[in-house]
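**Q** Sequence and predicted structure, then a few things I'm wondering about:
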Amino acid sequence: MSRFDADAIVVGAGPAGSCAALALARAGKNVILVERGPFAGSKNMYGGVVYPRILDELVPNWWETAPVQRWVVRRSTMILADDNAFTIDYRTPSWGRPPYNGATAYRPDFDHWLSRQAVAAGATLVTSTTVTGLLRDPAGRVNGVRTDRPDGDLSAPIVIACDGVNSFLAKEAGLYTATDAANFTVGVKETLALPRSVIEERFGVRDDHGVDIEILGGTSGVNGGGFIYTNLETVSLGVVLKLPKLTAQSKRPEEIIAGLKRHPAIAPLIEGATVQEYSAHVIPEAGLSMMPTMVTDGMLVAGDAAALCLAAGIWLEGVNFAMASGMYAGRAAAAAIDQGDVSAKGLAGYTKLLEESFVLADHRKLKDIPGLVLSDRVQQKYPGFVTSVIERVFRVDNPNPKPGLRRIVREERKRAGIKLGDLLRDGWKGMRGFG
Amino acid sequence: MIAVCLKWVQPHGAADDRFAGISAADQSALELALRTAEARGDEVLAVTVGPVGAERALRDALACGATRAVRIATEPGVSSLRTATALAAEVDAADVVWCGDYSADRGSGSVPAFLAARLGIDQALGLIDIEINGNGSHIRAVRRLDGGRREVLSVTGRAVLSVEGSTARLRRAPLRSVITADAASITVRPLESPDISAADLVPYRPRARVLPAPASANALDRVRALTDTGAAPSRTETVVLEPAAAARRILDALRDWGYLT
Ligand SMILES: Cc1cc2nc3c(=O)[nH]c(=O)nc-3n(C[C@H](O)[C@H](O)[C@H](O)COP(=O)(O)OP(=O)(O)OC[C@H]3O[C@@H](n4cnc5c(N)ncnc54)[C@H](O)[C@@H]3O)c2cc1C
């Protein structure tokens, strides 16, 4: 072989890294995947639902081997106000059959499985090894990494940084401009143990079917959202909170979770559960506006490291964006190696693949949504407004005649202190934002 | 040649190797084997008895600097005696055989003793402190005895040594060695020694003992009574005597306890 240790080095065996390594290995490249944990996924957390459609391209019939907890056949969005709630609920058995749609899964299971796919395709996985810096050639091009092991330098013409949110590799390579705390949310999650039959009764599902619930409101006045996902014998319950708001209100995330768990619409779902695990992680929430430059000479960035997590307000899709961007990075890297040009120009195919796929298309389409969903009005005023409208629509107040919907909306809007102009503008923004 | 015996344990069964590994004691044994071999300019043979997954223990050992690796193929659950018999055939040329004092699962610590018996060489088991001299010819080993006492042993000939997890911290393997060990060849041999006696078929159970409920009203005393199993009662005694009488008393005590004849 050449003077290099490998054709490419991928840093981080999360969904992005494993898919990058898998794509490179499939293209016949010699790739080393470096992970700091003792196994892939050992240190990784998220809410709990993955939408792996993109894997059809990399692991055909992935659903036969992927370690899934439950197949999501029911998706709900809940709006919580003080003590009441309004839920939009969709369910279909067809999501519970191949080729499936989404699934709940544990990251230590899922990421480990995905890394084994890369290894089976020929990638070399090196665990318990932390990358501590980039190596560069005299011209300043990235050509390897330094790790915390003795004799720990590894060289390769291409490095793919998949080291997750706040990627220090992307920063070290100068791909990010300044970091702004307003671009991040913090996710905090409890894994709550309940007997399998209790989960199935409370959430109205059978067998390996499960539920994905996103929640607006219920976060004790801190801008953010909540989620509940069912696993086989646990329920993941958590909140995603805007960092500056959290600090400004000096509330602790665990207090906010406790408040959510006490809400009358949530408490019966999790009554009697024991907390099995508590975890927290930062999420790149600002989408397009915070994305780094995706390539530089000898290096590409994918997944959360490139802020590609789609955070459409409270609807988080990070794993599928990580898997897709990792795969595209791997393919672009393989093509650049074949072309003999690993400069930023030679690697530009990556940005093109992102542009042409859902990865950047979805980010562009939904670019205004995080700002809207996390805005003060949507967070503080709309949940109460919506639930009180619904309450009056559903309330039977005989002998009084039923009020008309228009009147209810007008009265409740005034009561909530929402200006008509703001409501229309937000409504328009939402319509346009979801495109 | 220096040998080290490693036991790979998969706590969640054959299908899940994520939390698998060797015990802290085995890690110490590996480190001490490497140090002994370095001092002597000798090679290290790493051996495991176990299923194919156990080869990861050997690859880790190779990455850390072991010279050769042999796996004796079995499914988990082979008796200590059979394991030791199989190991003995592999390491019979070794000058020093390092073992962990306990594995990560059964932890009965019996393999090293059986191994020494099979090899017909000395043993020093359950060591808590090790010093290896400059050329590796002399090993000073400290062993824990009952009642908080220590025994210092000097090892110069062939021996099986088993160590606790705190005796040495396993070095981190250099990156390149980790990568080459990933593809290194490992010798696999079938488990011969079919001498399964009836006793071998008895499932492993920790020995149970019936203890009367301790009488003391003090919780600490009750815990002590239950956990200081088999330890001789404390021999500490405070007496006030004239110097000459005190010296006589000490000598008498040492004679009583068997330290002087
Ligand atoms: C609370 C919360 C809820 C979420 N919910 C969902 C959800 O329900 N669905 C969804 O799709 N997404 C969700 N996400 C987002 C999702 O978790 C991420 O977008 C996704 O994990 C990104 O994958 P990645 O491979 O880019 O990075 P990561 O998963 O963060 O993986 C990075 C990997 O790199 C390794 N690493 C880091 N630094 C180094 C280094 N220096 N050297 C070696 N290795 C290193 C890490 O150990 C890790 O394995 C959620 C996130 C949070 C925080």
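**A** Cool, the structure landed.
**Q** Output the lengthiest helix in chain A as PDB, nothing but the C-alphas.
**A** If you go by DSSP state H, chain A has its longest helix at helix A:319-339. Provided in PDB are the C-alpha atoms of helix A:319-339 (Å, rounded to 0.1, in the frame of the first residue of the first chain):
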ATOM      1  CA  VAL A 319     -30.200   9.500  13.300                       C
ATOM      2  CA  ASN A 320     -31.500   9.300   9.700                       C
ATOM      3  CA  PHE A 321     -29.800  12.500   8.800                       C
ATOM      4  CA  ALA A 322     -26.600  11.200  10.300                       C
ATOM      5  CA  MET A 323     -26.800   7.900   8.500                       C
ATOM      6  CA  ALA A 324     -27.600   9.600   5.200                       C
ATOM      7  CA  SER A 325     -24.900  12.200   5.400                       C
ATOM      8  CA  GLY A 326     -22.400   9.600   6.600                       C
ATOM      9  CA  MET A 327     -23.200   7.500   3.600                       C
ATOM     10  CA  TYR A 328     -22.900  10.400   1.200                       C
ATOM     11  CA  ALA A 329     -19.600  11.400   2.800                       C
ATOM     12  CA  GLY A 330     -18.300   7.900   2.400                       C
ATOM     13  CA  ARG A 331     -19.300   7.700  -1.200                       C
ATOM     14  CA  ALA A 332     -17.900  11.100  -2.000                       C
ATOM     15  CA  ALA A 333     -14.700  10.200  -0.300                       C
ATOM     16  CA  ALA A 334     -14.400   6.900  -2.300                       C
ATOM     17  CA  ALA A 335     -15.000   8.800  -5.500                       C
ATOM     18  CA  ALA A 336     -12.400  11.400  -4.600                       C
ATOM     19  CA  ILE A 337      -9.900   8.700  -3.900                       C
ATOM     20  CA  ASP A 338     -10.600   7.100  -7.300                       C
ATOM     21  CA  GLN A 339     -10.300  10.500  -9.000                       C
END
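**Q** Which strands and helices lie in contact with it?
**A** Counting contacts by 3 or more Cβ pairs under 8 Å, 6 or more residues apart in numbering or on different chains; DSSP states H and E, helix A:319-339 packs against strand A:8-11, helix A:15-26, strand A:158-161, strand A:299-301, helix A:349-356, helix A:358-365. All C-beta atoms are positioned from the backbone trio N, CA, C, and that covers glycine.
**Q** that's a helix at residue A:132, yeah?
**A** No - counting by DSSP: H, G, I helix; E, B strand; the rest coil, residue A:132 falls outside a helix, being strand.
**Q** Residue A:146 is in contact with that one, correct?
**A** Yes - with contact defined as Cβ atoms under 8 Å, residue A:132 reaches residue A:146; the gap is 5.2 Å.
**Q** what touches both of the two?
**A** Residues touching both residue A:132 and residue A:146 (Cβ atoms under 8 Å, 6 or more residues apart in numbering or on different chains) are residue A:152.
**Q** surely residue A:335 meets residue A:349?
**A** Yes - using Cβ under 8 Å, residue A:335 is in contact with residue A:349, at 5.6 Å.
**Q** Neighbour count for the two, which is higher?
**A** residue A:349 (20 against 16; other Cβ atoms under 10 Å in any protein chain shown).
**Q** So the more buried one versus residue A:336, what's the distance?
**A** Residue A:349 sits 7 Å away from residue A:336, going by Cβ to Cβ, to the nearest Å.
**Q** and the longest helix of chain A with the ligand, contact?
**A** Yes - using Cβ under 6 Å from any ligand atom, helix A:319-339 reaches the ligand at A:319, A:320, A:322.
**Q** Pull up the per-residue confidence for residue B:150.
**A** pLDDT recorded at residue B:150 is 92.
**Q** no no, residue B:231
**A** Here, the pLDDT recorded for residue B:231 equals 57.
**Q** The one 4 residues further on too?
**A** If you check residue B:235, the pLDDT there is 63.
**Q** just residue B:202 next, same as before
**A** At residue B:202, the model reports a pLDDT of 58.
**Q** So which of the residues of helix A:319-339 next to the ligand wins on neighbours?
**A** That'd be residue A:322 among the residues of helix A:319-339 next to the ligand, by other Cβ under 10 Å, with 31 neighbours.
**Q** Contact partners for that residue?
**A** Contacts of residue A:322 (Cβ under 8 Å, 6+ apart): A:14, A:15, A:16, A:19, A:162, A:302, A:303, A:304, A:308, A:309.
**Q** now residue A:312
**A** A:366, A:369, A:370, A:373.
**Q** isn't the last one right up against residue A:287?
**A** If I follow you right, that is residue A:373. No - using Cβ under 8 Å as the test, residue A:373 is too far from residue A:287 to be in contact (11.8 Å).
**Q** where does chain B dip in pLDDT?
**A** The model of chain B has pLDDT under 70 over residues B:193-207, B:209, B:228-235.
**Q** Please report the distance of the closest residue to chain B within chain A from the ligand.
**A** Closest residue of chain A to chain B, Cβ to the nearest Cβ: residue A:151 (3.7 Å). The gap separating residue A:151 from the ligand is 17 Å, by Cβ to the nearest ligand atom, to the nearest Å.
**Q** in the sheet, who's paired with the closest residue to residue A:153 other than its chain neighbours?
**A** Residue nearest to residue A:153 in three dimensions, not counting chain neighbours: residue A:146, with 5.3 Å by Cβ to Cβ, 6 or more residues apart in numbering or on different chains. Assessed by DSSP bridges, residue A:146 has beta-bridge partners residue A:133, residue A:153.
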